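Undergrad: Quick check, what structure comes out for this input:
(one chain, ligands or ions: 1)
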Amino acid sequence: MFCTKSIKLAVISILSTVLAFASGLVAESEKNTPPGLILTWTGDPTTSIVIDWHRMAEDKDTPAFIQARPRGTDNWVAFEAERLPFPHSDRIVDRVSIENLQPDTEYEFRGSPEEKTYWFRTMPATLDRPIVLSAGGDVRHEKSWMSAMNRAAMEHDPDFIVWGGDLAYGNGRRRNVSRWYEFMDSMVETLVTPEGRVPPVIVGMGNHEIRGGYHRNRINSQADRERLAPYFYGLFAFPGDPGYGVLDFGDYLSIVMGDTEHSNPIPGVQTDWMRTTLRQRSNVAHLIPVYHVPAWPSVRDFDNRESRLVREHWVPLFEENRIRLALENHDHSYKRTVPIFRNAEDAGRGVLYLGDGSWGVGTRDVHDVEETWYLAEAQKIRHSLVITLYPDRKIVRVIDADNSEIESIIIPARNQ
Ligand SMILES: [Fe+2]
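TA: I've put the predicted structure just below:
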């Protein structure tokens, strides 16, 4: 049923159930919720999960285990967790990585019998049902804004969430730890379905994840990255070292998460990785690059340094590899570009870029669409992209915080 590579497994079977009954039946709704709960992946989302169950300092004597089982079955299996520090906090994070799960299957889990039971769903092995993801970035200027967009996104029952950087605006600073507490509160309160399903989140790095915003040639090692961006590397298993990475969902979807000069330079090693990563996935129907600073800004100056670097080093790779859609952030607006190929509009070969990161932040005035050749649409509005994947196409529904549709877009799969 379950198997792990490196985690000791202890079957506690019905003992915990007996204890729960002995202490009196506690309604699930009255049980303790954790102060933070993050599901993500570092392996294939069709057969694995990473669970981070946060605990307050006073709960540090609670054994470091997460219990899990196929949803609706009888016997809990206890997975020994890696107990990690919450950076700049006395909270702790219990992390388990579970592998060899069944695709498209529901599993329930809890921190202990006294705590609320949640569940997750592994992704299907093939795209034989539509996959829904909700994407955006620039997540928490105000907790109420973040929570409102979370609720709107959850109306679409997404399989998972993608956030391309600028998460809690902690800037890697100790003094901003409360922003991360708000972020975690918002997730626990609003990124869960009424039935208790928790969608995994896939995050990338933005300038507000790291002290100083950009690497500025200060970074020579992973230790440097973790010192300057402690929350990002401490609180999210993916992408982890070195700050960018790819997740392959079977062979139908790959999310390629880049780092736009925050803890890694764009030119050189990362661009070599981007080239190889895209080329190796030539048969993947949905291959989606996600990163923070836009190649095609809707608010900022076209010639800003990071945008120029993305256009110079990554855009040609997107075009060579027939990428249909790339997700950008950072400018705090909604934008849709025209299909772009070799610095011109090209409906046949062009790449569509959607952004620009306004999940839960103050919005900004946008460039005039009529005056900006690469923009097809731009609005000063908070939004989320609800993307439904089919074998031959994706449908993007752009929604605002009231779950009203701003527009919808059909994008063919790469094999079409
Ligand atoms: Fe940003």
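Undergrad: The residue in the stretch 51-200 of the chain that the ion sits nearest to - nearest residue in space that isn't next to it in sequence?
TA: Closest to the ion within the stretch 51-200 of the chain is D166: 4.2 Å, counting by CB to the ion. The C-beta positions use only the backbone N, C-alpha and C, and glycine is treated the same way. Nearest non-adjacent residue to D166, counting by CB to CB, 6 or more residues apart in numbering: G206, 3.5 Å away.
Undergrad: what about the one you found, how many neighbours?
TA: Residues lying near G206 (other CB atoms under 10 Å) number 27.
Undergrad: wait, it sits on V290?
TA: No - using CB atoms under 8 Å, G206 is not in contact with V290; the gap is 11.2 Å.
Undergrad: Enumerate every residue touching the residue in the stretch 201-350 of the chain positioned nearest to the ion.
TA: When scored by CB to the ion, the stretch 201-350 of the chain has H330 as its residue closest to the ion, at 3.8 Å. Taking CB atoms under 8 Å, 6 or more residues apart in numbering as the criterion, H330 is in contact with 137-138, 165-166, 206-207, 260, 292-294, 297, 300, 355-357.
Undergrad: for those residues, which one is nearest R393?
TA: Nearest to R393, judged by CB to CB, of the contacts of H330 is G355 at 20.5 Å.
Undergrad: measure the closest one to N329 for me?
TA: 6 Å (CB to CB, to the nearest Å).
Undergrad: shared neighbours of these two, anything?
TA: The contact sets of G355 and N329 overlap at 137, 294 (CB under 8 Å, 6+ apart).
Undergrad: more neighbours, the two?
TA: Neighbour count, other CB under 10 Å: between G355 and N329, G355 has more, with 35 against 29.
Undergrad: Find the nearest non-adjacent residue to that one, please.
TA: E328 (3.5 Å).
Undergrad: And for the one you found, the neighbour number?
TA: Residues near E328, counting by other CB under 10 Å, number 28.
Undergrad: So which residues of the stretch 201-350 of the chain form strands?
TA: In the stretch 201-350 of the chain, the segments counted as strands under DSSP state E, counting those that start in this stretch are 201-203, 245-249, 253-257, 286-290, 325-327, 334-337, 340-341, 344-345.
Undergrad: Need those strands in CSV (columns: mean pLDDT and mean neighbour count).
TA: Listed next are the strands of the stretch 201-350 of the chain as CSV, based on pLDDT from 0 to 100; neighbours: other CB atoms under 10 Å:
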stretch, mean pLDDT, mean neighbour count
strand 201-203, 98, 22
strand 245-249, 98, 21
strand 253-257, 98, 24
strand 286-290, 98, 25
strand 325-327, 98, 25
strand 334-337, 98, 26
strand 340-341, 98, 20
strand 344-345, 98, 12
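Undergrad: Mind putting the ones you listed into a markdown table with distance to the ion?
TA: Below are these laid out as a markdown table (distance: least, CB to the ion, whole Å):
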| stretch | distance to the ion |
| --- | --- |
| strand 201-203 | 13 |
| strand 245-249 | 19 |
| strand 253-257 | 15 |
| strand 286-290 | 14 |
| strand 325-327 | 14 |
| strand 334-337 | 14 |
| strand 340-341 | 21 |
| strand 344-345 | 27 |
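Undergrad: just to revisit the earlier point, doesn't the residue of the stretch 51-200 of the chain closest to the ion belong to a strand?
TA: No - assignment of D166 by DSSP: H, G, I helix; E, B strand; the rest coil gives coil, placing it outside any strand.
Undergrad: So for it, what's the pLDDT?
TA: pLDDT, D166: 98.
Undergrad: Then L9?
TA: At L9, the pLDDT value in this model is 40.
Undergrad: Quick one: the helices in the chain, in order.
TA: 15-22, 143-154, 177-190, 222-228, 230-235, 269-279, 305-313, 315-320 (DSSP state H).
Undergrad: out of those helices, deepest packed?
TA: helix 230-235 (a mean of 23; mean count of other CB atoms under 10 Å).
Undergrad: quick one, phi/psi of the residue nearest to G355?
TA: The phi and psi values for E328, taken as degrees, to the nearest 10, are phi -120, psi 160.
Undergrad: circling back: compare the helices of the chain and give me the one nearest Y252.
TA: Each of the helices of the chain has some distance to Y252 by CB to CB; the shortest is helix 269-279, at 15.9 Å.
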